[in-house]
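K.L.:
Model the following, please.
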Amino acid sequence: MELTGKQLIAGELTSSGSQAAEAISPINNTALPTAFSEATEAEVDRAVTAAAGAFRDYRDLAPAKRAAFLRAAADQIEALGETLVSRAHLETGLPEGRITGERGRTVNQLRLFADVIEEGSWVDARITTAIPDRTPAPCPDHRRMLIALGPVVVFGASNFPLAFSVAGGDTASALAAGCPVIVKAHSSHPGTSELVGRAVALAARETGMPPGVFSVLHGPGRSVGMQLVKHPAVEAVGFTGSYAGGRALFDAAAARPKPIPVYAEMGSINPVFVLPGALSSRGEEIASGLAGSVTLGVGQFCTNPGLVAGISGEAFESLADATGNHISGVAAGVMLNARIQSAYQEGISSLQKQGEVKQLAIGPEGEGSGSYGRAALFMTQGRALLEERSLSEEVFGPATLMVAAKDRGELMQIADELVGHLTCTVHATDDDLVEYADLLTLLQEKAGRLILNGYPTGVEVSHSMTHGGPFPSTTDPHFTSVGTAAILRFARPVTWQGFPDAALPTELQDANPDGVMRIVDGTRTRDAIGT
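P.N.:
Below you'll find the predicted structure:
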């Protein structure tokens, strides 16, 4: 498939703008073939207007038809073969094996959401049947379920060019809910975005979807992205990226005459607490796993462990030394783009200049002209962390900060003063879990996922995953961006009161023709009413 550098609007490739930009490969910092045009205001409006026009028809399709679309999209993405893998590798510097694995995750979650909407219980149908002779007042028949919000804007992420981008989790869950999607492609991987976008558009055409159900636009977030968020026909936004970017979109959406939700994942240091029993019994094992987690993917995961806390002493120093030995031997890796590499280097330099921070290890420099990031390990005292809040800010890349608390009380204070994060990890023995039960209770307030004796990198796409957390890790801690519950972000509840059976959605009809799980007069059941 030859790249065009054009916008994909309602199934058609178009380009009317005069501004264009090439993708720069971080492998050697040279431009890749094909310049991608910046969407004009008219093109932005056309894409959103087409989505709004498609919304009711798409929302009202039988779930099986939307499911067929999602499965066809997965098939078309797989059919891109090595063309997709090669382009994504060149645009991101990620190894082809990593890209192949991410493609598998992307198509699998599309198929998983297809299963979810065919099964149907995600709509959370609730029925209270009428009690006409109730006193002192009759109870009316009323029935509630979730329906789609409307057109959704999805921002592609830099660090996951497939799984969190054009056809990633935000897009899959929004389409599954019945919402048309307009994707703002990430400028670091526009070719990858076009390839995937055209695959999804082909699937939409093959399965008879309304043309406006899906579009992909290119251009800067500060212009094209903001125009999308402010468009009055847009009903919600999905974003994965920096705090500055997510907060800007959130503020713009809140300032609209009609505010809309922005589900933004904005960063996290994913603190790790190593408790005394675990520290003394398997410190070397923890050091090895920790170093692998910190440096995985050149540290460019939103669940990268950026802070490791324990109680000061010989065992914690041994953990730090062992982790440093592993870190110092990790080869420099190509980072996603020059901007991310530069920001990482600034973060490392800032830690190196802190008087209360000691650099324990740093990996070798990269060879060549690519945007390389070197692994690094630092150490500070608990008091210094509590006094200088900048030490707990995210450094996006393969680095982490060891924090030695003077005693149990200071370790608890460090945990108590954490802001919101995506994950918190605890390494503990059974005795530690009893002695530090209050720490585990406290950490529930700080993260969306708690991990015991593991590492935070790696997010399973499942029915029970939470990939979210309290602010500032996300803008809304009630939801997840990974797993089947992600669909709930793009739906809202409606109650039908006093309607005849034939006028109700099938999920609320007495016969329950789709066989979905419902709550009927307080009881969970798939049975028809009256049986």
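
K.L.:
Residue 24: neighbouring residues, count only.
P.N.:
Counted with other CB atoms under 10 Å, residues neighbouring residue 24 total 18. From N, CA and C alone the C-beta is placed, and that goes for glycine too.

K.L.:
State the pLDDT value of it.
P.N.:
Looking at residue 24, its pLDDT reads 97.

K.L.:
And for residue 110?
P.N.:
Note for residue 110: predicted pLDDT of 98.

K.L.:
mind listing what it touches?
P.N.:
By CB atoms under 8 Å, 6 or more residues apart in numbering, residue 110 lies in contact with 70-71, 73-74, 77, 167, 172.

K.L.:
Need the phi and psi values for the nearest residue in space to residue 148 that is not next to it in sequence.
P.N.:
Closest residue to residue 148 apart from its sequence neighbours, by CB to CB, 6 or more residues apart in numbering: residue 178 at 3.3 Å. Note on residue 178: its backbone torsions stand at phi 110, psi 20 [degrees, to the nearest 10].

K.L.:
Kindly report the same for the one 10 residues further on.
P.N.:
Geometry field for residue 188 lists phi and psi as phi -80, psi -20, criterion degrees, to the nearest 10.

K.L.:
Residue numbering should commence at 374 henceforth.
P.N.:
Let's use 374 as the start, then, which means that last one is residue 561.

K.L.:
Give me the nearest residue to it, chain neighbours excluded.
P.N.:
Leaving aside its sequence neighbours, residue 561 sits nearest to residue 710 (CB to CB, 6+ apart; 4.7 Å).

K.L.:
Just to check, that neighbour is in contact with residue 400?
P.N.:
No - Residue 710 is not in contact with residue 400 according to CB atoms under 8 Å; the separation is 10.8 Å.

K.L.:
on that earlier part again, in CSV: the contacts of residue 483, plus pLDDT, secondary structure and distance to residue 755.
P.N.:
CSV is the format used below for the contacts of residue 483 (pLDDT from 0 to 100; DSSP: H, G, I helix; E, B strand; the rest coil; distance: CB to CB, whole Å):
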residue, pLDDT, secondary structure, distance to residue 755
443, 98, helix, 48
444, 98, helix, 52
446, 98, helix, 49
447, 98, helix, 48
450, 98, helix, 47
540, 98, coil, 44
545, 98, helix, 42
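
K.L.:
Identify the farthest-apart pair in those residues.
P.N.:
444 and 540 (12.3 Å; CB to CB).

K.L.:
Of the two, which one has the most company?
P.N.:
Comparing residue 444 with residue 540 by other CB under 10 Å, the one with more neighbours is residue 540, at 32 against 19.

K.L.:
ok, that one to residue 741 distance?
P.N.:
32 Å (CB to CB, to the nearest Å).

K.L.:
From residue 515, how far out is residue 869?
P.N.:
7 Å.

K.L.:
cool, and residue 396?
P.N.:
Distance of residue 396 to residue 515, given as CB to CB: 53 Å.

K.L.:
Neighbour count for these two, which is higher?
P.N.:
A direct count of neighbours by other CB under 10 Å for residue 396 and residue 515 places residue 396 higher, at 26 against 16.

K.L.:
can you pull the contacts of the nearest residue to that one once chain neighbours are set aside?
P.N.:
Nearest non-adjacent residue to residue 396, counting by CB to CB, 6+ apart: residue 405, 4.6 Å away. For residue 405, the contact set (CB under 8 Å, 6+ apart) comprises 395-398, 463-464, 564.

K.L.:
so residue 405 sits in a helix?
P.N.:
No - going by DSSP: H, G, I helix; E, B strand; the rest coil, the assignment for residue 405 is strand, not a helix.

K.L.:
contacting residues around the nearest residue to residue 596 once chain neighbours are set aside?
P.N.:
In this structure, residue 596 finds its nearest non-sequential neighbour in residue 411, 7.5 Å apart by CB to CB, 6+ apart. Residue 411 makes contact with 390, 392-394, 591-593, 596-597, according to CB under 8 Å, 6+ apart.

K.L.:
The same query, at a cut-off of 10 Å, please.
P.N.:
Going by CB atoms under 10 Å, 6 or more residues apart in numbering, residue 411 touches 380, 388, 390-394, 560, 590-593, 596-597.

K.L.:
Please flag which of those residues sit within strands.
P.N.:
Judged by DSSP state E, the subset of those located in strands is 380, 393-394, 590.

K.L.:
Pull out the buried members of those.
P.N.:
For these, a burial check counting by 16 or more other CB atoms under 10 Å picks out 380, 394, 590.

K.L.:
Between the residues you listed, which sits nearest residue 807?
P.N.:
Of all those, residue 807 sits closest to residue 590, with 54.3 Å by CB to CB.

K.L.:
Let's see the pLDDT reported for the closest residue to the closest one other than its chain neighbours.
P.N.:
Among residues not flanking residue 590 along the chain, residue 412 sits closest, at 4.2 Å (CB to CB, 6+ apart). For residue 412, the pLDDT comes out at 97.
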